[in-house]
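# just to be clear, the model below is a prediction. Sequence and coordinates:
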Amino acid sequence: MVGGGPGAFIGAVHRKAAALDGEIELVAGAFSSSPEKSAQQGRELYLDPARVYGSYKEMADRESKLPLGERIDFVSIDTPNNSHYEIAKTFIEAGFHVVCDKPMTMTVQEAEDLCRLVKKYDAVFTLTHNYTGYPMVKEARHLIRAGKLGTLRKVVVEYPQGWLATFLEGDGAKQAVWRTDPKQAGVSSAIGDIGSHAENLARYITGLEIERICADLTTFVPGRKLEDDANMLVHYKGGARAVLYCSQVSVGEENNLKIRVYGTEASIEWHQEHPNYLYFRPASGPEEVLKRGNGYLSDAAKHHSRLPSGHPEAFLEAFANIYVNAARTIAAKLAGVKPGPFDTDFPTVQDGAVGVHFIHKAVESGQKKGWVDAGYTPPT
């Protein structure tokens, strides 16, 4: 792991998710840009001090010199956005597979460079858009692919939070400081942090590709350097339309990511805060509430569940589905065999490039106060 040092929220989440199925072992890390803090985190995790490094470059260099079977198989990058590209590039070129937090890079050029590097070095690259790991999200995707909704017409996807409704970064709150700092977060706060999740969720479920965007960006909190609220109209290729809204100043909201998809034959609705239920509403019948863990669900939904029906599964399990699929794909590559039928179901480097492009186009639209062309095909 790179990042995830003392006091880091997302690094601890990554570690718990990776460990959940017992198929991944954390053996090495450069947990902070401070060698002292990295060593502290290593001690807290009971790692061999010889495998706890003072920098990610030292880690990549020394681990690459170990024989297969002793060296790390992949690296998890859990740092602020501005360092993702250099860390990923360093480890890919050193011969390692990568799991990276989102957004993947600061610029589209960096994202496309990673696409080319992944192809050149035949690396497995996984982006942790963890909401795609929920079983009922996979069921929603299955229903659309099976034609149960008919022709798709409209998507409404939103991700409201309220945690940045005040100038929290002014109080030195670690998460608020870097997520609202253009030097660390990039060109966007709300869109880059949570709007990118909303866009990725909609694209994963529907398969629709954005053609044009009209975005309204606002910075409500005085003194803040990046936007904390965004509202978008989206045109998809093929004619479908969408409303996408993300906000960090919606007081009272926690992590209320939700999506509704409307077709000519039916609609679906899913809520991240109530993730074990998927609402299916056919045009000519009563509403159905589909529940996680039941035998009537698709193979994909059942494969990504761990508990029988009635026992809730949530955020960490969804996150773990991304990790375990990546790990099984990496293990298959190391063994020279084909991955299992669901093992490659995780966001890729191309998904990362699409996400970075979306962020920049949304910001461009907000600055121009009008529609922008946003169609994009990343390098493969």
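Received, thanks. Numbering: from 1, shown residues only.

# how about the strands in this protein?
Under the criterion DSSP state E, the chain carries strands at the ranges 2-3, 74-78, 97-100, 125-127, 152-160, 210-218, 229-236, 241-247, 258-263, 266-271, 277-282, 288-291, 371-373.

# highest average neighbour count across these?
The highest mean neighbour count among the strands of the chain belongs to strand 2-3 (a mean of 28), with neighbours defined as mean count of other C-beta atoms under 10 Å. Every C-beta, even on glycine, is put in place using the N, C-alpha and C of the backbone.

# what residue lies at the spatial centre of the protein?
Taking C-alpha atoms, centre = their mean, the centroid of the chain lies closest to H129, which sits 1.7 Å from it.

# residue contacts, it?
H129 makes contacts with 102, 196-197, 200-201, 204, 322, 347, 351, 355, as judged by C-beta atoms under 8 Å, 6 or more residues apart in numbering.

# look up phi and psi at it.
Here the main-chain torsion angles of H129 (degrees, to the nearest 10) amount to phi -80, psi 80.

# got a list of what the closest residue to F91 other than its chain neighbours touches?
Leaving out its chain neighbours, the residue that sits closest to F91 by C-beta to C-beta, 6 or more residues apart in numbering is V75, at 4.8 Å. With contact taken as C-beta under 8 Å, 6+ apart, V75 is in contact with 1-2, 59-60, 87, 91, 96-99.

# repeat that for N294.
Taking C-beta under 8 Å, 6+ apart as the definition of contact, the neighbours of N294 are S309.

# any idea how far it is from P135?
In this view, N294 and P135 are 10 Å apart by C-beta to C-beta, to the nearest Å.

# and G352, by the same measure?
Applying C-beta to C-beta, one obtains 23 Å for the distance of G352 from P135.

# of those two, give the one with the bigger neighbour count.
Neighbour count, other C-beta atoms under 10 Å: between G352 and P135, G352 has more, with 30 against 26.

# and for F9, the neighbour number?
F9 is flanked by 11 other residues according to other C-beta under 10 Å.

# tell me the pLDDT of it.
Listed pLDDT for F9 reads 89.

# how about it: what's its closest non-neighbour residue?
Q175 is the one closest to F9 (C-beta to C-beta, 6+ apart), at 6.1 Å.

# I figured that neighbour hits G7, correct?
No - Q175 sits out of contact with G7 when judged by C-beta atoms under 8 Å, with a separation of 9.5 Å.

# which of these two has more neighbours?
Set side by side, Q175 and G7 give different neighbour counts by other C-beta under 10 Å, the larger being at Q175 (16 against 12).

# distance of that one relative to D181?
The span separating Q175 from D181 equals 11 Å under the rule C-beta to C-beta.

# cool, G170 as well?
Relative to D181, G170 is positioned 12 Å away (C-beta to C-beta).

# which of these two has more neighbours?
When G170 is set against D181 and neighbours are counted by other C-beta under 10 Å, the residue ahead is D181, at 17 against 14.

# who are the contact partners of the more buried one?
Counting by C-beta under 8 Å, 6+ apart, D181 touches 169, 225-226.

# and those residues, which of them are buried?
Listed as buried from the contacts of D181 are 169, 226; burial here means 16 or more other C-beta atoms under 10 Å.

# for K37, state which of the contacts of D181 is nearest.
Taking C-beta to C-beta as the measure, K37 sits nearest to E169 out of those, at 20.8 Å.

# how far away is the closest one from S250?
From E169 over to S250 the distance is 18 Å, taken as C-beta to C-beta.

# again with H303
Distance, H303 to S250, using C-beta to C-beta: 34 Å.

# between these two, which is the more surrounded one?
The residue with more neighbours, out of H303 and S250 and counting by other C-beta under 10 Å, is S250; that gives 20 against 17.

# how near is the spatially closest residue to that one that is not a sequence neighbour to A301?
In space, and not counting its chain neighbours, S250 is closest to P160: 3.7 Å by C-beta to C-beta, 6+ apart. Going from P160 to A301 by C-beta to C-beta gives 26 Å.

# off-centre distance for stretch 83-100?
With C-alpha atoms, centre = their mean, to the nearest Å as the basis, the distance from the averaged C-alpha position of stretch 83-100 to the chain average is 17 Å.

# now do the same end-to-end measure for it.
11 Å (C-alpha to C-alpha, to the nearest Å).

# and it, average pLDDT?
For stretch 83-100, the per-residue pLDDT values average out at 98.

# can you list contacts of that stretch?
Among residues not part of stretch 83-100, those counted as contacts by C-beta under 8 Å, 6+ apart are 2-3, 14, 56-57, 60-61, 63-64, 72-77, 79, 101, 103-106, 110, 113-114, 117-118, 121, 123-128, 322-323, 326, 330, 333, 352.

# how about that stretch: buried residues?
Here stretch 83-100 shows 83-85, 87-92, 94, 96-100 as buried, counting by 16+ other C-beta under 10 Å.

# stretch 111-130 now?
The neighbour-count criterion (16+ other C-beta under 10 Å) identifies 111-115, 117-118, 123-130 as the buried residues of stretch 111-130.

# and the worst-scoring helix or strand of the chain on mean pLDDT, what does it pack onto?
Every helix and strand in the chain was compared by mean pLDDT, DSSP states H and E; the lowest is helix 174-179, with a mean of 92. In terms of contacts (3 or more C-beta pairs under 8 Å, 6 or more residues apart in numbering; DSSP states H and E), helix 174-179 is packed against helix 182-185.
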